[in-house]
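>>> Need a 3D model of the following:
(2 chains)
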Amino acid sequence: RKEVEQDPGPFNVPEGATVAFNCTYSNSASQSFFWYRQDCRKEPKLLMSVYSSGNEDGRFTAQLNRASQYISLLIRDSKLSDSATYLCVVNPPGGKLIFGQGTELSVKP
Amino acid sequence: NAGVTQTPKFRILKIGQSMTLQCTQDMNHNYMYWYRQDPGMGLKLIYYSVGAGITDKGEVPNGYNVSRSTTEDFPLRLELAAPSQTSVYFCASRGTSGRAATGELFFGEGSRLTVL
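Now for the predicted structure:
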């Protein structure tokens, strides 16, 4: 089993739609979790950290379920500018940061 | 602020050649990472380092070597380049807060390597 697995893409949605991405991880001792965004093969950039209680940043909501070992990202009211690849990142013990394979989102007018 | 600097940005190698990708950060970060990204895929961890003098294998270390003699520098060496090593390589660093590392990775702009 891969350390980190994401929903396969691509997701094609109209503007204004709500879209959700899920990500599962295999190491139950993983300590922290993140969502990154990557545009057009540029370097990834941190979108948000994922906290145990769940957290929101504008139109973006991240959730963590430790019992089921998955994290999620919800994007409300999708904009054209949200089109990108979204990568979940997991920090197992020891300093590694492991990326999922990424989910491509395409928001259409 | 320079942040994380990777060189070269582009390189074409012949099969069997060797080369070193350079990575330098000026943020005094303890943690540094090398990833590779193949088309349509996520980032795969090659090697990482939690401090000067310490390195560890990641998910795909075969065919690569690293060293961490200083906090600032984390070069990645390819010995005997193979076509399977054609990829985009990203170096990254992150800081520490007390004993726990913070989450945000600071990336270099990437190095696009082609092996023919």
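>>> alpha carbons only for contacts and neighbour counts from here, please
OK.
>>> any idea how far the closest residue to residue A:4 other than its chain neighbours is from chain B?
Leaving aside its sequence neighbours, residue A:4 sits nearest to residue A:25 (CA to CA, 6 or more residues apart in numbering or on different chains; 4.5 Å). Here residue A:25 is placed at a distance of 15 Å from chain B (CA to the nearest CA, to the nearest Å).
>>> now swap in residue A:50 and tell me
10 Å.
>>> Who is that residue paired with across the strands?
Per DSSP bridges, the residues bridged to residue A:50 are residue A:33.
>>> how about residue B:44, what does it touch?
Residues counted as contacts of residue B:44 (CA atoms under 8 Å, 6 or more residues apart in numbering or on different chains) are A:98, A:99, B:35, B:36, B:37, B:59, B:60.
>>> Are any of those residues buried, and if so which?
Neighbour-count burial (16 or more other CA atoms under 10 Å in any protein chain shown) is assigned, among those, to A:98, A:99, B:35, B:36, B:37.
>>> out of the residues you listed, which one sits closest to residue B:69?
residue B:35 (19.3 Å; CA to CA).
>>> which strands and helices sit next to the helix or strand harbouring that closest one?
Under the criterion of DSSP states H and E, residue B:35 resides in strand B:31-37. Contacts defined by 3 or more CA pairs under 8 Å, 6 or more residues apart in numbering or on different chains; DSSP states H and E place strand B:31-37 against strand B:43-51, strand B:87-94.
>>> okay if I get those strands as a markdown table plus mean pLDDT?
Listed next are the helices and strands packed on strand B:31-37 as a markdown table, based on pLDDT from 0 to 100:
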| stretch | mean pLDDT |
| --- | --- |
| strand B:43-51 | 96 |
| strand B:87-94 | 96 |
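>>> which one of those strands is the most hemmed in?
strand B:87-94 (a mean of 25; mean count of other CA atoms under 10 Å in any protein chain shown).
>>> What strands flank that one, and is each parallel or antiparallel?
strand B:31-37 (antiparallel), strand B:106-107 (antiparallel), strand B:111-115 (antiparallel).
>>> So what touches the second one?
Counting by CA under 8 Å, 6+ apart, strand B:106-107 makes contact with A:43, A:44, A:45, B:3, B:4, B:90, B:91, B:92, B:93, B:94, all of which sit outside it.
>>> rerun at 6 Å
B:91, B:92, B:93 (CA atoms under 6 Å, 6 or more residues apart in numbering or on different chains).
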